[in-house]
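Undergrad: give me a 3D structure for the following:
(2 chains)
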Amino acid sequence: MKQQLENIKAQAIEMVANAQDRAELDAARVKFLGKKGELTAILKQMGKLTPEERPVMGQLANEVRSYIENLITEATEKVKKIEMEKALEKETLDVTIPGKPNTIGHKHPLSIVLDEVKDIFFGMGFNIATGPEVEWDYYNFEALNIPKDHPARDTQDTFYITENMLLRTQTSPMQIRVMEKEQPPIRIIAPGRVFRSDAVDATHSPLFHQIEGLVVDKGITMGDLKGCLETFAKQLYGENTKIRLRPHHFPFTEPSCEIDVSCFRCGGKGCPMCKGEGWIEILGGGMVHPKVLKTGGIDPEVYSGFAFGMGLERLVMFRFNIDDMRLLYENDVRFLSQF
Amino acid sequence: MILSKKWVKDYVDFNATDKEFADEMTLSGSKVEAFEVEGAELKNIVVGHIEAIEHHPDADTLWVCQLDVGKDENVQIVTSAQNLKVGDYVPAALHKSVVAGGHKIEKGKLRGVASYGMMCSVAELGLTVHDFPYAIEDGIFVLGDDCQKVVGMDIREAIGLTDTVTEFEITSNRPDCLSVIGLAREAAATFKTELKVNEPVVKPGHGDVNDMLKVQIDEPSKCYRYVGAVVENVRVKPSPLWMRERLRASGVRAINNIVDITNYVMLEYGQPMHAFDLRYLEGNQVIVRNAKNGETITTLDGEERALSEDMLVIADAKKPVAVAGVMGGEYSGIMDDTTTIVFESACFNGPSVRRTAKALGMRTEASSRYEKELNPYSCLTCLNRALELIQLLDAGDVVNGVVDCNKVTKEQTVLDFEPEWVNSFIGINVSAEDQIKMLEAIDFEVKDGKIYVPYFRNDIEHKADVAEEIARFYGYANIPNSPLRGEAKAKLTPAQVLTKLVDSTLLSCGLTEICTYSFVSPKTLDKIRVPEDSELRKLVVISNPLGEETSVMRTTSIPSMLEVLARNYNNRNLEAALYEISTEYISRGTEELPYEKQSAVIGMYGKNADFYTLKGTVEELLSKVGLTDYDVVPVNDNPTFHPGRCAKLIAGDKELAVLGEIHPIVNENYGFNTRVYVASVSLEVIAEFRNATKTYTPLPKFPASTRDLAFVCEKSLTVLTLEKAITKAVGAILEDITLFDIYEGSQIPEGMKSVAFNLKLRSKDHTLNDEEADSAVKRAIKALEELGITLRS
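TA: Presented below is the predicted three-dimensional model:
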């Protein structure tokens, strides 16, 4: 009997070793361990053994049984693994084939940069103000210290609706509108469309966008203007960005300045983008003229403020290296889908 | 303003390279656009002396010249010029030289004879015959006695082409800087050095001007001052080289000594001058008056111009001889036979000059200066300077005295000196002493706590203006930066929140944002077939448009969208799905600003575009912004749209949106050969009816039952009719109803359609049993039967 058990064990080892797939292993399981299997058949003969032999043979039979069980289980695991690997190999994809395109649209480049600018100022506590694009002469000029016949009107060729109604040439009228409505502290930006009668070419458009800024509070200084715009420039163009203020003239700010940022391409060394200057002009600004504060209903002896303005198109063209402003208004999808 | 370095150096001595000068001046407030060294591109051109000239052996029109150019051997140059003779001094461009325009000159052969360079005309040196009146245009520039005839000398040095020209952008508040002296003053303050300007000195002449000229100002509010002087025995001839050089460097053409003197004084002091020929001043009289109705004048440029009563003129006893501050009349100029002239140095009211120049359509050098308001107190000095130059140039005999008609009422501006306020306004700490020094450097006077502003600084009228003067000479760069302090309360408005949501939703729906002009052609309304009596015809019209194409403000953005779609279509882009959040402008007459409203306009064409894609996008948008309660109404009478494929959405009593396929005629108007779909959604109506606060609905606890139902109805009946009837009949347990099929065809009677819905039924508090579900279905069937709609068997 011991010999029979040894034979069965040897047979099982051989059969499992030769098994090619799970079906053959299952067959082996049935053959050796099944209810009608060989091991069962031998165990049925146990009755014929002596009481002394019985526990010895029983133990041996159990050992053989668990040995074969382990053998088949291990082999099955191995085969399963091989089969899965084969299956996975079959399912292999060419991952270099382009993915299926999504159908998410593209934001207009003007909006992309405007949103960025808005976010920066929003983070600095600026509210966003909006106002009419068809505006009174009063708000666009008179209240901003630009009376009729002022030479500064020449530099802003104006579209008129009537003698007193016009398309705003700047977002600066928002300074007055905000001051009329709100009491200091005021901290706003006012982005929007402005209109000037310039014929269309690569750098001119009769319609473009400006972003106005206004801060009014007690004790606001020109140092605050510098600090605020330096923070803005660093956030827009990076920590190493510097700003440079040059004296200038705007009728509604005093002192006035134009503000350059260090060239974001060459870092100030001079390159074709900054025309070798190292600086790029992006802003105009200054301390709000006391006359303008007064017109806006704010006492210039108590409060002071600064204001600034920038052209959005200019920012966008520099940002994306766009050399022709017309592209922004032609709206060709081949252009827009690049953003 | 173009500034000659040589000239400004007469008045201020500074030590700086051209670049440093440009940078420092820019940072102190006089912005330099560019600077250029005269003749910078000329290379290897020297003074040559013609030693010998011979005919070219093979060409009658060519000459072979031998030139002494200061080297060991003479240089042979072949020329076709016919104006040379032995002994002439000429500009000789040697082998490997560069002449004006960047043209390189090298040795070569002309008809077989070697030529080692080229002799130059004035043009080849970048000059004109105005710079050297004795030179000829189509020949070699033979140097005159005003040049240094030194053989081998660099030609630039020899002819005085050695200036640096700096171009300034002067802002409109600083007409005083439109002058050499004005910029010299700024330079002196910038480089902390002295300004040296002498008062002109006129030597005694003859006679008495009062016997020869009478001046009268009728309009003292428009002409503050008129100073006149007379010069007899005028000797009209070219100006000397130094004056021509400075005029050239300033961008002004030299004409003759008299005209040049008027221009010279204007450039030097910023004061326009005029010279009249006394012969043509009838009655020897100058009257500054308003033009009379119907009066005309032929100006120096030969144009006859009609004058109106609000225009100021300079007249003699009978007629206008000049438009004051703008341009002289045709007989007012200097002619070859002029013997006696009147110099005018006057000051006119800025806005008056500006209006006149604008009305006559001629902005001149003089008018652009006068319109910025000049200093009436300097008229006499400028006139004296002109007379001083007449004597210096021996251009005529000055008659003693001037006629000074002075109506100036303007008083000197006096401000309080408040150094502490300046410091706190700018954010600096500059001592009162230093502030005084800065102000004195630009000719302000500070004494007894007051600032006396010089007359040429009209722009200074407030302490903030003084602060700017301090700030710019202190240096904007030196002002310490400080961060914003105080409370910040940034918050988006509900409208801004909505706009952001609309943007992100439409982008997620696959639409690309566009940006179009607010003004359009009025014809666009015809193009989209807007009826004559429509609200959309209440246009805001631009009175001075660039052209008809951009002459009215849009009342609807649909044409802008169609135009962009058409442009893309014509550019052979196979598909496009676009949107714009655009402002539309409805006129409310001339006493009120237009109503500006915002719409989200959506447009699409191409293989993925159809009516239901468009509608799905609009529905998605409305769902995202929290607007679910609206009606969909078929529209068959909107001429812009296909009569069978257009709907409007109504929220409350307001039109929320219109959407549909574009009418074939409109389609053709824009040149499409494909179907185009457009929607316009009013953001204001969304804002009014949206529910911006979302609340959560608990997830269902009990399972749903579903039932599919198909009905047969007339083809023209809308799905919404069926949906509404079913919804009403089923009641609260209807969780969702979804259309899943519409069928027309052989198995359905002609003119009918089958509409199939999936109903999802659910109760909040228990699991629905079959009877409940079946009973709900029966209610739906019954309700539809009442409308004559039958269950499809």
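
Undergrad: is the nearest residue to B:L614 once chain neighbours are set aside within a helix or a strand, and which one?
TA: Nearest residue to B:L614, sequence neighbours excluded (C-beta to C-beta, 6 or more residues apart in numbering or on different chains): B:Y677, at 4.3 Å. For glycine as for every other residue, the C-beta is placed from the backbone atoms N, C-alpha and C. If you go by DSSP states H and E, B:Y677 is part of strand B:676-682.

Undergrad: quick one, what contacts B:N636?
TA: B:643-644, B:646 (C-beta atoms under 8 Å, 6 or more residues apart in numbering or on different chains).

Undergrad: same thing with B:V286?
TA: B:V286 makes contacts with B:213-216, B:226, B:228, B:314-316, B:342, B:344, as judged by C-beta under 8 Å, 6+ apart.

Undergrad: follow-up on the earlier one: got a quick PyMOL command for the buried subset of the contacts of B:N636?
TA: Under the burial definition 16 or more other C-beta atoms under 10 Å in any protein chain shown, those of the contacts of B:N636 that qualify are selected in PyMOL by:
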select buried, chain B and resi 646
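
Undergrad: before we move on, back to that, between the contacts of B:V286, which is nearest B:I581?
TA: Ranked by distance to B:I581 (C-beta to C-beta), these are led by B:I314 at 57.2 Å.

Undergrad: run a quick neighbour tally on B:I217.
TA: Residues contacting B:I217 under the criterion other C-beta atoms under 10 Å in any protein chain shown number 20.

Undergrad: what about B:V520, how many neighbours?
TA: For B:V520, the count of nearby residues is 24 (other C-beta under 10 Å).

Undergrad: cool, B:P376 as well?
TA: 22.

Undergrad: so the residue nearest to it when sequence neighbours are not counted, which state does it fall into?
TA: Counting by C-beta to C-beta, 6+ apart, B:C347 is the residue found nearest to B:P376 once chain neighbours are left out, at 3.9 Å. Classification of B:C347 using DSSP: H, G, I helix; E, B strand; the rest coil returns strand.

Undergrad: in the sheet, who's paired with B:C347?
TA: Here B:C347 sits in beta bridges with B:R225, as judged by DSSP bridges.

Undergrad: now do it against chain A, distance only.
TA: Here B:C347 is placed at a distance of 16 Å from chain A (C-beta to the nearest C-beta, to the nearest Å).

Undergrad: what's the neighbour count on that residue?
TA: The number of residues packed near B:C347 is 26, by other C-beta under 10 Å.

Undergrad: surely B:V681 meets B:K597?
TA: No: if you go by C-beta atoms under 8 Å, B:V681 and B:K597 don't touch, sitting 11.5 Å apart.

Undergrad: between these two, which is the more surrounded one?
TA: B:V681 (27 against 15).

Undergrad: now the more buried one: how far from B:Q598?
TA: Distance, B:V681 to B:Q598, using C-beta to C-beta, to the nearest Å: 10 Å.

Undergrad: count the neighbours of the closest residue to B:S599 other than its chain neighbours for me.
TA: Sequence neighbours aside, B:S680 is the residue nearest to B:S599 in space, at 5.0 Å (criterion: C-beta to C-beta, 6+ apart). Applying other C-beta under 10 Å, we find 23 residues neighbouring B:S680.

Undergrad: ok, B:S680 touching B:G660?
TA: No: B:S680 lies out of contact with B:G660 (C-beta under 8 Å); the separation is 10.2 Å.

Undergrad: what residue spans form the domains of chain A?
TA: Split into domains by automatic domain parsing, chain A comes to A:2-90, A:109-336.

Undergrad: span of the last one from start to end?
TA: Using C-alpha to C-alpha, to the nearest Å, the end-to-end distance of domain A:109-336 comes to 7 Å.

Undergrad: ok, now stretch A:204-223?
TA: For stretch A:204-223, the first and last residues are 33 Å from each other (C-alpha to C-alpha).

Undergrad: wait, does it contact chain B?
TA: Yes: Stretch A:204-223 reaches chain B (C-beta under 8 Å from any C-beta of the partner chain) through A:206-207, A:215, A:217, A:219, A:221-223.

Undergrad: can you give me the neighbour number for the residue nearest to B:R762 when sequence neighbours are not counted?
TA: Of all residues not flanking B:R762 in the chain, B:A704 sits nearest, at 4.1 Å (C-beta to C-beta, 6+ apart). By the criterion of other C-beta under 10 Å, B:A704 has 16 neighbours.

Undergrad: next up, the contacts around B:A704.
TA: Listed by C-beta under 8 Å, 6+ apart, the contact partners of B:A704 are B:735, B:760-762, B:768.

Undergrad: who wins for most neighbours among these?
TA: That'd be B:L761 among the contacts of B:A704, by other C-beta under 10 Å, with 21 neighbours.

Undergrad: do you know how far that one is from chain A?
TA: From B:L761 to chain A the distance is 34 Å (C-beta to the nearest C-beta).

Undergrad: which residues does that residue form a beta bridge with?
TA: Beta-bridge pairing of B:L761 under DSSP bridges involves B:S705, B:L734.

Undergrad: how near is it to B:E723?
TA: Distance of B:L761 to B:E723, computed by C-beta to C-beta: 15 Å.

Undergrad: which residue does the stretch 251-400 of chain B have closest to chain A?
TA: B:P351 (3.4 Å; C-beta to the nearest C-beta).

Undergrad: that residue contacts B:S367, correct?
TA: No: taking contacts as C-beta under 8 Å, B:P351 lies outside contact range of B:S367: 11.6 Å.

Undergrad: those two: which has the busier surroundings?
TA: Taking neighbours as other C-beta under 10 Å, B:P351 and B:S367 compare with B:S367 leading, 24 against 17.

Undergrad: chain A: strands as residue ranges?
TA: Along chain A, the segments classed as strands by DSSP state E run A:127-128, A:134-136, A:165-167, A:186-195, A:207-217, A:243-250, A:253-262, A:279-288, A:304-311.

Undergrad: so what strands line up beside the last one?
TA: When pairs are called by DSSP bridges, strand A:304-311 turns out to pair with strand A:207-217 (antiparallel), strand A:279-288 (antiparallel).

Undergrad: return the distance of the last one from the chain's centre.
TA: Distance of strand A:279-288 from the chain centroid (C-alpha atoms, centre = their mean, to the nearest Å) equals 28 Å.

Undergrad: which neighbouring elements make contact with the lengthiest strand in chain B?
TA: For chain B, the strand that runs over the most residues, judged by DSSP E, is strand B:43-56. Applying 3 or more C-beta pairs under 8 Å, 6 or more residues apart in numbering or on different chains; DSSP states H and E, one finds that strand B:43-56 makes contact with strand B:59-68, strand B:75-79, strand B:89-99, helix B:155-159.

Undergrad: just send these back as TSV, with mean pLDDT and distance to chain A too.
TA: Listed next are the helices and strands packed on strand B:43-56 as TSV, based on pLDDT from 0 to 100; distance: least, C-beta to the nearest C-beta, whole Å:
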stretch	mean pLDDT	distance to chain A
strand B:59-68	93	39
strand B:75-79	95	38
strand B:89-99	96	22
helix B:155-159	96	25
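
Undergrad: rebuild these as JSON lines, extending it with mean neighbour count.
TA: Output for the helices and strands packed on strand B:43-56, formatted as JSON lines (neighbours: other C-beta atoms under 10 Å in any protein chain shown):
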{"stretch": "strand B:59-68", "mean neighbour count": "18"}
{"stretch": "strand B:75-79", "mean neighbour count": "22"}
{"stretch": "strand B:89-99", "mean neighbour count": "22"}
{"stretch": "helix B:155-159", "mean neighbour count": "21"}
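
Undergrad: what about the closest residue to chain A within the stretch 601-750 of chain B, how many residues nearby?
TA: Residue nearest to chain A within the stretch 601-750 of chain B: B:N608 (8.0 Å; C-beta to the nearest C-beta). Neighbourhood size, B:N608 [other C-beta under 10 Å]: 11.
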